[in-house]
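Trainee: sequence and predicted model, in that order:
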Amino acid sequence: MASAINILNASTLEDERLEGISQAVGRVFGLRTYVTPAPLNLDRAFDPSRGQYNSTALLAQLLQAYKDGDEKRIAVVGVDLFIPVLTFVFGEAQLNGIAAVVSFHRLANPFYGMVPDDAMTWKRLEKEIVHELGHTFGLYHCHQFECVMRSSTYVEEIDLKRESLCPDCKSKLVATR
Amino acid sequence: MNGTPALLVVDDEQVVRDSLSKWFREDGFLVGTAASAAEALSQLQGRKWDILLLDIKMPGMDGMELQQRIKEIDSNATIIFITAHATVDTAVKALKEGAFDYVTKPVDPDYLSHLVTNALKQRNLANENLKLKEQITEFSKADDIVGDSAQMQKVYDLIQTVAKTETTVMIRGESGTGKELIARAIHSNSSRRYFPIVAVNCGAMAEGVLESELFGHERGAFTGAQYRRKGKLELSDGGTLFLDEIGNIDMKTQMDLLRVIETKQFTRVGGNDIIKVDFRVICATNKDLEKAVAEGSFREDLYYRLNVFSVFIPPLRERKGDIPVLANYFVQKYMRVMGKQITSIAPEAMDTIVRYNWPGNVRELENAIERAMVVGKPPSIKPEDLPYQLTEKNHVLPAGSLASMEKAHIASVLDQNRWNISRSAEILQIDRVTLYNKIEKYGLKKPNAG
């Protein structure tokens, strides 16, 4: 059973920005949640042929850094993530494991040529953090339209879902504890 | 979707296998991986995979050859190629050889997600379709056709021979011999069995009604035609049109029918739009059509168009060996329907049944058994449970004058048909007025109810 959730800041964001999100995330999982800097070397995950960062490589760094402990850890980055077969990912998690990584690079409106909306970006980031952490608790993608565990492959889909778990996923979460 | 969908990733690069399996595991898939074609083939022996994601360039056997091998094992396998080395030639080849789709690495996650979802939906629909077809085949088995006699074996052979063709079939036989059952057996053994067989009793309808029944009508075509209505021809599209009592249709409808059978197109009554239909014709009659042609009451061209392949069902009296088999079959059938524990026919009752002449053929036999099952008591049918015309004194034809034989025969037919004059006249092949005259002449009386 996890004792806490550690949000690791590996971006240029101020920690205070993540503190607000941290509290909301803590409420979803019912766990103490705190923010610390991340011991990640982003350059080692950079793929010059794609101009993107390999999320699996970042996840491996996290697992190497936190071999022991009973906390769930999620690194927040501002760079564009990918896994080898896909053009991009919003994040990646170790299913039923201890670590995850999430990026806000593609969550901001300007990436799509739209007017900036910070509130919307941070709400999307909050949902993606909850989503990836859900995977670390063993939750699969959910077919409930508004559940945060619903698979999202574009930002509009993230906007449609709530930042919370549906009753079904909630009961599965309780069962994993 | 039944259970967890299973997906097999075949790629020689571990990083690709890992990323794809992780991606699909989060989606709730059961994911297997194989690093080579040989490993994939071995995985295929172990279980059925709903979706297979194949790389093209792999050491040893490549993805294209693997696809061929997979299709040999499971021709319905759903294969999606994910390759880094895409060319138009390989894409065309892959799709021609039955791949569901072909995508290049890296794939847009949204596209991949939809692609696999659609592939699964299509696979599930195909499986569902297959199951429904199996059910239709099961339901449409004409299991009411019973008989071991050499004559019936010949009929079965004819059904098998003609069913697979598109040939028009004419079924001949006395009333009650089961002509519609034979038509349904031909249909259910044909490639049209997944489409309907539409039966039209041509003898039961007046001229205008039959025309509207066959061709349908447009709104306002005649008084009372408040809505457009599809006719039986349209309803039988893709399937079989069974025209029962074909010898009873009027000359105008014969002409219209001939045209539609030849052109496979028609217009609804009161309409102008030409409607194309694809149907097979099976018809049946108990009339002497050759005589009707000679007399000019049946069109010769229509006769030749319909009488391409003829199946004759012999009357029950000419295949006495089938009577016990049929009688026992109906006992079992009504035992199930009525939930009554009458399981057999007593030997003396069976003897009576076999010796009877059965002018109403199988239909009459079925009615007699049904009646005996209603009045009889378990565990078997006794002679007294049978309709009285079957008993010794009635079924033996009287000796003496022709008139006495005629009287006895008319009385017997009337009793069998509960004094239904139209039905009795039809069986006796005389008109109703003649029947009334003969009833009066012979002083026949309808038995009192009860």
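Mentor: Yes, it's here.

Trainee: from here on, contacts and neighbour counts on C-alpha atoms
Mentor: OK.

Trainee: could you look up the SS state of the residue of the stretch 201-350 of chain B found nearest chain A?
Mentor: Using C-alpha to the nearest C-alpha, the closest approach of the stretch 201-350 of chain B to chain A is made by B:G238 at 39.2 Å. The assignment at B:G238 comes out as coil when based on DSSP: H, G, I helix; E, B strand; the rest coil.

Trainee: okay, it and B:S190: tell me how far apart.
Mentor: From B:G238 across to B:S190, the span is 11 Å (C-alpha to C-alpha, to the nearest Å).

Trainee: with A:V101 instead?
Mentor: 60 Å.

Trainee: pick out whichever of the two has more residues nearby.
Mentor: The neighbour comparison of A:V101 against B:S190 (other C-alpha atoms under 10 Å in any protein chain shown) goes to A:V101, with 27 against 19.

Trainee: do I have it right that that one meets A:V77?
Mentor: Yes: if you go by C-alpha atoms under 8 Å, A:V101 and A:V77 touch, sitting 7.5 Å apart.

Trainee: so the residue of the stretch 201-350 of chain B closest to chain A touches B:D278, yeah?
Mentor: Yes: the criterion here is C-alpha under 8 Å, and B:G238 meets it with B:D278 at 5.2 Å.

Trainee: joint contacts of these two?
Mentor: Shared contacts of B:G238 and B:D278, defined by C-alpha atoms under 8 Å, 6 or more residues apart in numbering or on different chains, are absent.

Trainee: quick check on the spatially closest residue to B:R317 that is not a sequence neighbour: phi, psi?
Mentor: Closest residue to B:R317 apart from its sequence neighbours, by C-alpha to C-alpha, 6 or more residues apart in numbering or on different chains: B:N357 at 5.6 Å. The phi and psi torsions at B:N357 (degrees, to the nearest 10) take the values phi -80, psi -20.

Trainee: distance-wise, check B:N357 relative to B:D322.
Mentor: 13 Å.

Trainee: okay, the residue nearest the centre of chain B and chain A: tell me how far apart.
Mentor: With distances taken as C-alpha atoms, centre = their mean, the residue of chain B nearest its centroid is B:S188 (3.7 Å). Here the criterion is C-alpha to the nearest C-alpha, to the nearest Å. By it, B:S188 lies 42 Å from chain A.

Trainee: got a pLDDT number for that residue?
Mentor: pLDDT recorded at B:S188 is 86.

Trainee: cool, and B:W23?
Mentor: 90.

Trainee: ok, and the closest non-adjacent residue to B:G321?
Mentor: That would be B:S149: by C-alpha to C-alpha, 6+ apart, it lies 6.2 Å from B:G321.

Trainee: just checking, B:L243 is part of a strand?
Mentor: Yes: judged by three-state DSSP, B:L243 forms part of a strand.

Trainee: what's the nearest residue to it if we skip its chain neighbours?
Mentor: That would be B:C283: by C-alpha to C-alpha, 6+ apart, it lies 4.5 Å from B:L243.

Trainee: swap in A:S152?
Mentor: A:I158 is the one closest to A:S152 (C-alpha to C-alpha, 6+ apart), at 5.9 Å.

Trainee: tell me which element that neighbour falls in.
Mentor: Assigned by DSSP states H and E, A:I158 falls within helix A:155-160.

Trainee: just the buried residues of that helix, please?
Mentor: A:155, A:158-159 (16 or more other C-alpha atoms under 10 Å in any protein chain shown).

Trainee: how about the residues of chain A by chain B?
Mentor: A:83-89, A:95, A:135, A:139-142, A:151, A:153-154 (C-alpha under 8 Å from any C-alpha of the partner chain).
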